[in-house]
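Chemist: only geometry, no sequence info:
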Ligand code: PDD
């Protein structure tokens, strides 16, 4: 039976619940991580834990337990659910308290973990191009915190789905692409330069993004971290999107306009291959 972890207990998934006055439920006063599982390993585990710690500290929520303990729970949850390929979801809310805006003091954070089985990473499936649409970025100004306040993302993904697109790339008031509803955005410019937006309070510093930059640097390939406009993206040679759940997906159309020749580009496919290799277990 599928099980979930809630505050010290492993429960049947269907019965796992938190209190109605959990602040995650009432105020989105909670943060989360999604970590890919390949061959039974959590991909970029330390990077995800670093970001979890940072999100919590920005909101003055204590870590619910040590990293070591988080690891033990994660491993046990994967074991109980017999998951070798899939994803792990971790959510920490400030805790439960009578509804009142200011952060209550001295309450216990709520820790929830769930795990989901997914198909193993498959280069051929990943290499299929997807479409994106562009939408206004209507989010708050602390997108660097991985909070569960995901309504703008949910609205964006719903619009993308209705338009037959895989993702919605969000655009700020200056016409620059910030990031996807649930992914980071990348282009290879008309001059062949790999570009992804610099990190600041307006985007989430993606862990997949960080790993791609490292893999690219290790290959001796160059890149630029800077904002790019919708027009530059539409005139780009290649585009792609990255996240822990979708890994890397080539983007072949933006708002219906073909990117490059309308097919997944060589640099994107090269990075996808590097990423696939990176996730293979090492001896
Ligand atoms: N989303 N930007 C946003 C707004 C995201 O929600 C995500 C991930 C990313 C990519 O980050 P990472 O490479 O660390 O997954 C960028 C997760 C997968 C989700 O909400 O399901």
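Modeler: Sure, I can see it. Just so it is clear, the model here is predicted, and its values are computed rather than measured.

Chemist: Return the residues of the stretch 1-150 of the chain in contact with the ligand.
Modeler: Neighbours of the ligand within the stretch 1-150 of the chain, by C-beta under 6 Å from any ligand atom: residue 34. C-betas here are computed from N, CA, C, even on glycine.

Chemist: repeat that for 8 Å
Modeler: Residues of the stretch 1-150 of the chain found near the ligand (C-beta under 8 Å from any ligand atom) are 32, 33, 34, 44, 47, 48, 51, 89, 143, 146, 150.

Chemist: Just the mean pLDDT for stretch 236-254, thanks.
Modeler: On average, the pLDDT along stretch 236-254 is 98.

Chemist: er, stretch 45-59 I mean
Modeler: The predicted confidence, averaged over stretch 45-59, sits at 98.

Chemist: Where does the prediction get shaky in the stretch 151-283 of the chain?
Modeler: 283 (pLDDT under 70).

Chemist: and it, which residues reach the ligand?
Modeler: Contact residues (C-beta under 8 Å from any ligand atom) of the stretch 151-283 of the chain with the ligand: 153, 179-184, 203-211, 242-246.

Chemist: Would you show me how to pick out the buried ones of those residues in PyMOL?
Modeler: Per 16 or more other C-beta atoms under 10 Å, the buried members of these correspond to this PyMOL selection:
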select buried, resi 153+179+180+181+182+183+184+203+204+205+206+207+208+209+210+211+242+243+244+246
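
Chemist: So which of the residues of the stretch 151-283 of the chain next to the ligand belong to strands?
Modeler: Taking DSSP state E, the ones among those that sit in strands are 179, 180, 184, 242, 243.

Chemist: List the residues that contact the first one.
Modeler: Taking C-beta atoms under 8 Å, 6 or more residues apart in numbering as the contact definition, residue 179 lies against 143, 169, 170, 185, 197, 203, 204, 206.

Chemist: got TSV for the residues you listed, with distance to residue 10 too?
Modeler: Formatted as TSV, the contacts of residue 179 follow (distance: C-beta to C-beta, whole Å):
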residue	distance to residue 10
143	33
169	39
170	37
185	38
197	39
203	35
204	29
206	30
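
Chemist: ok, those vs residue 16, which is closest?
Modeler: In terms of C-beta to C-beta, no member of the contacts of residue 179 lies closer to residue 16 than residue 204, at 26.1 Å.

Chemist: you'd agree that closest one is up against residue 142?
Modeler: No: under the contact definition of C-beta atoms under 8 Å, residue 204 does not touch residue 142, with a separation of 10.2 Å.

Chemist: which residues touch the residue nearest to residue 117 when sequence neighbours are not counted?
Modeler: Excluding the flanking residues, the one nearest residue 117 by C-beta to C-beta, 6 or more residues apart in numbering is residue 86, at 4.3 Å. Contact analysis of residue 86 by C-beta under 8 Å, 6+ apart lists 36, 37, 115, 116, 117, 118.
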